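Participant: Next input, structure requested:
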Amino acid sequence: MTTLEVEDLVKKYRLRNGFRSETLRAVDRVSFTLDPGRTVALVGQSGSGKSTIAKLLMQLERPTSGRILLDGRPVERRGAGLARCRRTVQMVFQDPFASLNPFHTVEHHLERPLRLHHRGLTDAEIHRRVLGLLERVRLTPAETIARRRPHELSGGQRQRVAIARALAPEPGILVADEPVSMLDVSIRLGVLNLLAGLQREERLGVLYITHDLATARHFSDEILVMYRGQVVERGPADEVILYPRHEYTKTLAEAAPNPERRISQQRG
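Facilitator: This next block holds a predicted model:
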């Protein structure tokens, strides 16, 4: 079990416009804590800084300032410290087809992180773990799924394979960057329920990045609303959705589907 802490995180980009250069603050003094067994949602429209935070957490970008800590220890950018971060914090990407190599089988995709992070396992042990990972994400029969390639699976099945791959190193934190936005509406709920079940059963910390306040309300404990790189509102999920204070949050809440509001309007 792992606690992730983000303290005053800042990321600036230098942009050139002809002979002039400008500074874009993509992330501006963002702080939050993600405890084991909890889900924190980062909510905002495109360009708000959500995905930049994901890249910073995954050490794909270097922060301009601020700190990222795992269990109270600052994340190092090289050596054993970086390897520990890469093992402890895993990401589920938005597009499952783009994140899986179409030339390799599902078993190959799951074998690679197992061989990398669990050295010393025999081929038989790796095969058993591959089947176990597929069963954990409700892909059965596991033996059949393991032999298939990504194009032989549905979008929802591919995203479940991506989740299984993220689980292979036995992380404490999952960063889910718009994990259902590329999926058909009919299968989104199943993938979100899977993530919620893993979070509860395995005490994972989940950072759920989305533009959808409706799913953020039902699948997170705390919501952080981002606007132009800053957190403009935060709090328990129901409180942020039902009693928004910031004008931007109110706009997002009004745009989100709300069956209760629709029923009350019809009665009125």
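
Participant: Would you confirm that Ala26 belongs to a strand?
Facilitator: Yes - read with DSSP: H, G, I helix; E, B strand; the rest coil, Ala26 is one of the residues of a strand.

Participant: what's the spacing between Ala80 and Arg86?
Facilitator: Separation of Ala80 from Arg86 (CB to CB, to the nearest Å): 11 Å. Where you see a C-beta, it was placed from the backbone N, CA and C, and this is true even at glycine.

Participant: Which residues does the helix or strand where Asn193 lies contact?
Facilitator: Taking DSSP states H and E as the definition, one finds Asn193 inside helix 185-201. With CB atoms under 8 Å, 6 or more residues apart in numbering as the test, helix 185-201 has contacts from 37-39, 92, 136-138, 154-156, 159-160, 163, 167, 174, 176, 179-180, 183, 204-206, 208, 215, 218-219.

Participant: Ala80 and Arg86: which has the busier surroundings?
Facilitator: Arg86 (18 against 8; other CB atoms under 10 Å).

Participant: what's the closest non-adjacent residue to the more buried one?
Facilitator: Nearest non-adjacent residue to Arg86, counting by CB to CB, 6 or more residues apart in numbering: Gln59, 7.0 Å away.

Participant: cool, Glu61 as well?
Facilitator: With sequence-adjacent residues excluded and distances taken as CB to CB, 6+ apart, Glu61 is closest to Lys55, at 4.3 Å.

Participant: My guess is the one you found contacts Arg62. True?
Facilitator: No - assessed by CB atoms under 8 Å, Lys55 is found out of contact with Arg62, at 9.7 Å.

Participant: returning to that earlier point: which of the contacts of helix 185-201 count as buried?
Facilitator: 38-39, 92, 136-137, 155-156, 159-160, 163, 167, 174, 176, 179-180, 183, 204-206, 208, 215, 219 (16 or more other CB atoms under 10 Å).

Participant: on that earlier part again, the residue nearest to Arg86 belongs to a helix, doesn't it?
Facilitator: No - with three-state DSSP as the criterion, Gln59 is located in coil rather than a helix.

Participant: Would you mind pulling the contact partners of the helix or strand hosting Lys12?
Facilitator: Assigned by DSSP H and E, Lys12 falls within strand 4-17. By CB under 8 Å, 6+ apart, the residues outside strand 4-17 that reach it are 21-34, 49, 52-53, 56-57, 61, 63-70, 72, 89, 173, 205, 207, 229.

Participant: ok, residues contacting stretch 98-112?
Facilitator: Here stretch 98-112 has contacts from 93, 126-127, 129-130, 133-134, 145-151, 153, 158, 161-162, 164-165, 168, using CB under 8 Å, 6+ apart.

Participant: Give the buried residues for it.
Facilitator: Ser99, Leu100, Thr105, Val106, Glu107, His109, Leu110, Glu111.

Participant: rewinding a little: inside helices: which ones of the contacts of strand 4-17?
Facilitator: Thr52, Ile53, Leu56, Leu57 (DSSP state H).

Participant: If anything else comes up later, I'll come back, but that's it for now.
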